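A.B. asks: need a 3D model of the sequence below.
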Amino acid sequence: MPLPHSVYQPGQTSPSLDRVKQTPAPELIPPVLVVTTEIEASKQQAAWSAVDGHVLPHHTVIGIGSGSTVPYVVERIVAQGAEVNRSRVFIPTGFQSKELIVAANLRLGDVDQYPIIDVTIDGADEVDKDLNAIKGGGACHLREKVLAEAANTFIIVADYRKNSEYLGTNWKAGVPVEVAPFAYAKVLQNLVFMGSQKPTLRMGKAKAGPVVSDNGNFIIDAPFPTEDLKDPLKILKLIKMLTGVVEVGLFCHMAQAAYFGNVDGSLTVRWADGRLEQLAKGAKA
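C.D. replies: This next block holds a predicted model:
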């Protein structure tokens, strides 16, 4: 299965993998990623920097998230070398991350076996100035939240388009809400009563009928006014109390840092303590 935003070129060397040569890993299969756009370069910069700063040699249980930035996370982990990865186990948040782990010949585990994770690195659909995040555009937010909560350190990686002062500024699709299929109509009605602006059942693009999550549930996308999303924890609590709701794609007060790659190759890092770092291209956080 091809990696998202990736091009396989057997026998060719990508400039983005120069660092891999320094730590050859014959028993690992590194994903060969060719960066073709500024946005992809910004994702790679964020992912590489986050891995360099937070996936340390003594970490043995690592959560791998979902989204278009995550292939670069796996790329950088593989670049750390066969010796350090031999003793590690990797926990996926969904089908995509599972395939990335397997394709790289990293050891696959499950949160059932490893309920305490050293570090989880995941993408996001939008992140606000307080590190609250909207996640679930890929319908994986239930497992993503389990792995985020299980981690001693939870790090977000994204490109500059996901960096907002308030949630709902750039991500207009709404808050993803995973619901039991038999309860979706009632939950839709309750979301309207709560003030959501035209919540909708997410429909499949290449299939007839609704999107079904890896857990067999439906996804509702519930837009809220920006003013309401200035207090995302309040919205999270209200939605979570609705009968039939399995999980809500609002991640509040969970991340220790968020890494945003910028179009010019620089890096913006937001920290949970309120610090904001602006780093030049090639600099480390």
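A.B. asks: for residue 157, what are its contacts?
C.D. replies: Neighbour list for residue 157: 43, 46-47, 50, 69-70, 72-73, 121-123, 258-259 [criterion: C-beta atoms under 8 Å, 6 or more residues apart in numbering]. C-beta: built from backbone N, CA, C; applies to glycine.
A.B. asks: rounded mean pLDDT for stretch 57-73, please.
C.D. replies: Model confidence over stretch 57-73, given as mean pLDDT, is 96.
A.B. asks: list the buried residues of that stretch.
C.D. replies: 59, 61-73 (16 or more other C-beta atoms under 10 Å).
A.B. asks: any chance of those residues in CSV, with secondary structure and distance to residue 147 too?
C.D. replies: Converted to CSV, these look like this (DSSP: H, G, I helix; E, B strand; the rest coil; distance: C-beta to C-beta, whole Å):
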residue, secondary structure, distance to residue 147
59, coil, 14
61, strand, 10
62, strand, 10
63, strand, 4
64, strand, 8
65, coil, 7
66, coil, 10
67, coil, 13
68, coil, 18
69, coil, 16
70, helix, 12
71, helix, 17
72, helix, 18
73, helix, 13
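A.B. asks: which one of those is nearest to residue 115?
C.D. replies: Distance to residue 115, by C-beta to C-beta, is smallest for residue 61 among these, at 9.5 Å.
A.B. asks: I'd assumed residue 113 was in contact with the closest one.
C.D. replies: No - the pair residue 61 / residue 113 is not scored as a contact, 9.2 Å apart, by C-beta atoms under 8 Å.
A.B. asks: nearest residue to the middle of this structure?
C.D. replies: By C-alpha atoms, centre = their mean, the chain has its centre lying nearest to residue 123, at 2.2 Å.
A.B. asks: how much space between the nearest residue to that one once chain neighbours are set aside and residue 280?
C.D. replies: Spatial nearest neighbour of residue 123, chain neighbours left out: residue 67 (2.9 Å); criterion: C-beta to C-beta, 6 or more residues apart in numbering. Counting by C-beta to C-beta, to the nearest Å, the gap from residue 67 to residue 280 is 25 Å.
A.B. asks: do residue 142 as well
C.D. replies: As judged by C-beta to C-beta, residue 142 and residue 280 stand 38 Å apart.
A.B. asks: go on, residue 129?
C.D. replies: Plainly put, residue 129 is 22 Å away from residue 280 if you go by C-beta to C-beta.
A.B. asks: what about the two, which has more around it?
C.D. replies: More crowded of residue 129 and residue 280, by other C-beta atoms under 10 Å: residue 129, with 14 against 9.
A.B. asks: wait, doesn't the more buried one sit right on residue 165?
C.D. replies: Yes - under the criterion of C-beta under 8 Å, residue 129 makes contact with residue 165 at 5.1 Å.
A.B. asks: show me where the stretch 51-200 of the chain has its strands.
C.D. replies: Counting by DSSP state E, counting those that start in this stretch, the stretch 51-200 of the chain has strands at residues 61-64, 89-92, 117-122, 126-127, 133-134, 151-159, 175-179, 200-201.
A.B. asks: for residue 274, find the nearest of the ones you listed.
C.D. replies: So among the strands of the stretch 51-200 of the chain, strand 126-127 is nearest, using C-beta to C-beta, at 14.0 Å.
A.B. asks: what residues does the closest one touch?
C.D. replies: By C-beta under 8 Å, 6+ apart, strand 126-127 touches 133-134, 156, 158, 162-164, 167-171, 255, 258, 260, 270.
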